[in-house]
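Student: Need the 3D shape of this:
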Amino acid sequence: MTASETIIVGAGPAGLACAAALRARGRSSLVLERANRLAASWHRHYDRLRLHTHKMHSALPGRLMPRSFPKYPSRLQVIEYLEDYANSNSVEIRYGTHVTAIRKAKEWAVETAAGAFEARNVIVATGLANMPAVPTWEGQEGFTGKRLHSSEFRNAADLAAKRVLVVGFGNSAGEIALECAEAGLEVGLSVRSPVNVVPLEMFGLTTASIAIAQQYFPCRIVDAVNAPFLRWRFGDLGAFGLERAREGPLTTIMERSRTPLINIGTIERIRSGDIRVLPGVSKLEGSQVHFADGRRETFDAIVMATGYKPALNALLPNFEQRFGGADGPPRGELQPGNDGLYFCGFNVVPTGLLRQIGKEAQQIAASIDRVK
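Tutor: Purely as a prediction, here's the structure:
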């Protein structure tokens with residue numbers, strides 16, 4: 001069994017930030033990554049993906065994003081930044097090492113197909129987007145068109161379809177529907193729940209910058225203050241099939257960990273009719289999709305932009321006991337058991353995930369450094 005002071009599971013932004021924060025305090029770590037490269041999820045994302053937070057709010061501890069990057073860096077630029085970040089911080093990564101279980105004995109035992117590792121501390125940095133959440137519908141196996149999760153979508157051209165249905169109303173759904181509409185495809189957007197929409201920028205400020213300025217106020221008060229501006233910006237979306245959520249965007253983030261759609265053009269395409277809003281899917285039949293209101297339409301492809309699951313139950317044999325039926329640690333709890341098992345990158349925030357990851361990494365490193 002190989003011994004290390006701290007084992008970090010996952011070589012994405014959270015894992016790299018934790019390793020760098022520990023190194024800055026003179027503490028060692030080893031990152032275990034099941035893929036053959038770092039930032040594997042960023043490599044898998046669709047081509048047009050860009051950050052929705054300003055680069056100045058998206059840097060990890062100790063290294064700014066390059067001045068040459070645009071305000072909202074692309075997927076490839078984020079990968080470039082993370083590779084440079086790992087190299088500049090001499091992060092030790094063992095690739096192709098799939099962690100199968102994390103158990104507590106005298107120390108923590110991290111089990112992999114290549115053998116076990118022992119550590120005083122373990123940081124789980126696999127993130128919220130670890131496993132695609134894929135819905136099931138009656139008749140789906142007989143669907144004659146393409147059916148894929150958003151994690152498999154690359155671009156509209158590769159989809160090779162004329163009529164596409166995008167399921168969901170998160171940021172992936174909005175961007176994929178927008179790209180398909182811009183490519184001239186007939187696009188349906190299946191939305192089954194009330195929604196929140198926020199602009200990418202307002203009054204020259206990024207949404208994340210506004211959220212940072214408002215972060216110390218109660219979320220419901222912030223939503224009440226912001227509501228008139230959002231109504232002015234987007235108007236009544238009910239006429240286009242979108243029902244506005246009763247709770248505001250910040251409240252749904254903080255209380256339900258659900259992010260609003262950050263609009264980069266999707267709403268304008270809905271207003272123009274290039275993207276048609278449809279209700280939830282009830283079943284599939286051949287090339288036809290049946291909807292909850294009784295309508296049915298023909299599509300060549302269905303893209304399920306239905307999010308991800310953290311899938312921590314696959315790593316932790318005592319998952320149910322530790323989290324009591326929840327998907328993961330409670331909001332804001334980085335070491336919920338106070339036993340050397342940490343979690344980084346599992347908090348949905350309005351101020352930018354990379355920024356939050358950086359803060360959490362520094363807090364975790366400080367906690368580990370206190371134990372000599």
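
Student: Name the residues of stretch 150-162 that are buried.
Tutor: By neighbour count with 16 or more other CB atoms under 10 Å, stretch 150-162 contains the buried residues 150-151, 153, 156, 159, 161. C-betas here are computed from N, CA, C, even on glycine.

Student: and those as CSV, adding distance to residue 213?
Tutor: Shown next, in CSV, are those (distance: CB to CB, whole Å):
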residue, distance to residue 213
150, 31
151, 33
153, 34
156, 36
159, 40
161, 43
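
Student: ok, the residue nearest to residue 291 when sequence neighbours are not counted - contacts?
Tutor: Computed as CB to CB, 6 or more residues apart in numbering, the closest residue to residue 291 that is not its neighbour in sequence is residue 279, at 4.7 Å. By CB atoms under 8 Å, 6 or more residues apart in numbering, the contact list for residue 279 reads 190-192, 241, 291-293, 295.

Student: Please enumerate the strands of the stretch 251-372 of the chain.
Tutor: Applying DSSP state E, counting those that start in this stretch to the stretch 251-372 of the chain gives strands spanning 261-263, 275-278, 281-285, 288-291, 296-298, 301-304, 308-309, 341-343.

Student: which ones are touching the closest residue to residue 55 other than its chain neighbours?
Tutor: Leaving aside its sequence neighbours, residue 55 sits nearest to residue 65 (CB to CB, 6+ apart; 4.2 Å). For residue 65, the contact set (CB under 8 Å, 6+ apart) comprises 55-56, 58-59, 73, 81.

Student: Which one of those residues is nearest to residue 203?
Tutor: Among these, residue 56 lies closest to residue 203 (CB to CB), at 17.5 Å.

Student: hmm, back to that, farthest pair in the buried residues of stretch 150-162?
Tutor: 151 and 161 (17.6 Å).

Student: can you pull out the helices in the stretch 201-350 of the chain?
Tutor: 207-214, 219-234, 249-256, 266-272, 319-323 (DSSP state H, counting those that start in this stretch).

Student: ok, back up a step: can you tell me how far the residue nearest to residue 291 sits from residue 15?
Tutor: Note on residue 279: its distance to residue 15, by CB to CB, to the nearest Å, is 40 Å.

Student: on that earlier part again, of the contacts of residue 65, which belong to helices?
Tutor: residue 81 (DSSP state H).

Student: of the contacts of residue 65, buried ones?
Tutor: Buried members of the contacts of residue 65, scored by 16+ other CB under 10 Å, are 55, 58-59, 73, 81.

Student: Just flag the most distant two among those residues.
Tutor: Going by CB to CB, the pair spanning the buried ones among the contacts of residue 65 furthest: 59 and 73, at 10.1 Å.

Student: shared neighbours of those two, anything?
Tutor: 65, 81.

Student: Kindly spell out which helices and strands sit in contact with the longest strand anywhere in the chain.
Tutor: Ranked by residue count and defined by DSSP state E, the top strand of the chain is strand 115-124. With contacts taken as 3 or more CB pairs under 8 Å, 6 or more residues apart in numbering; DSSP states H and E, strand 115-124 sits against strand 2-9, strand 30-32, strand 108-112, strand 341-343.
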